[in-house]
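**Student:** Test case, fold it:
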Amino acid sequence: MHIVFIILTVIVAILLIGIVLIQKSKGGGLSSQFGAGNQVLGVRGTNTFLEKTTWTLAALILVLSVCTAYTLPSGTRQARATQDNGKQQQTAAPAPAQNFGTEAEKAAENPAVTDPGSEGN
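**Tutor:** Sure thing, here's the model as predicted:
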């Protein structure tokens with residue numbers, strides 16, 4: 001299903017490119033090719049049709065993109081989630097503890113260790 005959404009998105013994108021290229025800035029475009037004002041697709045009718053088609057295709061690309069994201073194969077999602085968790089674990093690792101302090105503080109914390117020079121005195 002994922003592949004179908006991708007193919008549909010590409011087709012709609014090509015159609016959108018074609019519709020945009022048909023239009024001319026400032027409202028000329030395809031509508032300038034029609035001479036008579038009473039034709040079925042007159043000047044105003046062509047502009048309205050092209051504008052509505054452009055907006056419809058743009059909205060369709062948006063919907064297809066969201067559908068493509070939701071139908072992403074589960075293996076790809078799991079691989080990405082594993083990579084993200086690995087990065088988080090690497091960055092969340094605590095820094096190794098460093099033992100700062102004076103000799104007196106170390107001796108007070110561990111009374112079994114005594115200064116060799118103080119035993120004889």
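**Student:** Counting by contacts, list what the longest helix that the chain contains packs against.
**Tutor:** When the chain is parsed with DSSP state H, its longest helix is helix 43-70. When contacts are defined as 3 or more CB pairs under 8 Å, 6 or more residues apart in numbering; DSSP states H and E, helix 43-70 packs onto helix 2-22. No exception for glycine: its C-beta is placed from N, CA and C like everyone else's.
**Student:** contacts for the helix it packs on?
**Tutor:** 29-30, 50, 53-54, 57-58, 60-61, 64-65, 67-68, 71-73 (CB atoms under 8 Å, 6 or more residues apart in numbering).
**Student:** Show me which residues of it are buried.
**Tutor:** By 16 or more other CB atoms under 10 Å, the buried positions in helix 2-22 come out as Phe5, Leu8, Thr9, Val12, Leu15, Leu16, Ile19.
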